[in-house]
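Participant: Here is the input, now give the coordinates:
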Amino acid sequence: MEKDHVDRVLEQWHRERPDLDVEPMGLLGRLARLATYLGREVEKTFLELGLTSANFDVLAALRRSGKPYRLSPGDLLATTMITSGTMTNRIDQLEKAGLVERMTNPEDRRSVLIALKPEGLDLVERAVTAHVANQHRLTALLEPDERATLDMILRKYLSKFE
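Facilitator: Numbers count the residues shown, from 1 in each chain. So this is what the prediction gives:
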């Protein structure tokens, strides 16, 4: 098996601190490096469409909600791990770009809903299609059984934190 950057780091720690068990450093280091590489590849796809991954997340949450493609700011916030101020900023950017609109909630006139405009729906449809194709390209580096095993392991690991 080929050695990666993390192997070289671990070898250095084994040499310098043989008393330490650095196995977890390997696992977490590889996850962090993969997240960086994969994040860059995902971001490229969004940039080609004039989006960021942050803005895509908002548009995609609205699209996934189904017709009429609108959610309260609180519901949008629940789909992410960001602060309410950050969400407000994202909504403001998307509203300025003409992709979403704030509208009075017909069921509670004291609150607002964030709704996809037709331009936002068109963009998110193109973006999710490109994003899924890119994900297929990135995961094709592993065999189908490897993908299934990795997915199972990562699901188990992630569920311990969630």
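
Participant: and stretch 2-16, which residues are buried?
Facilitator: For stretch 2-16, a neighbour-count test (16 or more other Cβ atoms under 10 Å) marks 6, 10 as buried. All C-beta spots, glycine's among them, are computed from the backbone N, C-alpha and C.

Participant: what comes into contact with that stretch?
Facilitator: Stretch 2-16 has contacts (Cβ atoms under 8 Å, 6 or more residues apart in numbering) with 20, 22, 25-26, 29-30, 33.

Participant: host element of L34?
Facilitator: With secondary structure defined by DSSP states H and E, L34 is part of helix 23-48.

Participant: what's the next secondary structure element after that helix?
Facilitator: Defined by DSSP H and E, the subsequent element after helix 23-48 is helix 53-64.

Participant: Centre of the chain to that following helix, how far?
Facilitator: A distance of 10 Å separates the centroid of the chain from that of helix 53-64, by Cα atoms, centre = their mean, to the nearest Å.

Participant: buried residues in it?
Facilitator: In helix 53-64, counting by 16+ other Cβ under 10 Å, buried: 54-63.

Participant: tell me which strands and helices it is in contact with?
Facilitator: Under the contact criterion of 3 or more Cβ pairs under 8 Å, 6 or more residues apart in numbering; DSSP states H and E, helix 53-64 touches helix 23-48, strand 70-71, helix 73-78, helix 84-96, strand 100-105, strand 108-116, helix 118-139.

Participant: thinking again about what came up before, what's the angle between the helix holding L34 and helix 53-64?
Facilitator: Using axes from the mean of the first three to the mean of the last three Cα atoms, to 10 degrees, the direction of helix 23-48 lies 80 degrees away from that of helix 53-64.

Participant: now helix 23-48 and helix 118-139, what's the angle there?
Facilitator: Using the same axes, to 10 degrees, helix 23-48 lies at 140 degrees relative to helix 118-139.

Participant: I'd like to know which elements helix 23-48 is packed against.
Facilitator: helix 5-16, helix 53-64, helix 118-139.

Participant: picking up where we left off before, could you save the helices and strands packed on helix 53-64 as TSV and add columns showing mean pLDDT and mean neighbour count?
Facilitator: Below are the helices and strands packed on helix 53-64 laid out as TSV (pLDDT from 0 to 100; neighbours: other Cβ atoms under 10 Å):
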stretch	mean pLDDT	mean neighbour count
helix 23-48	97	13
strand 70-71	95	20
helix 73-78	92	15
helix 84-96	95	15
strand 100-105	95	15
strand 108-116	92	16
helix 118-139	98	15
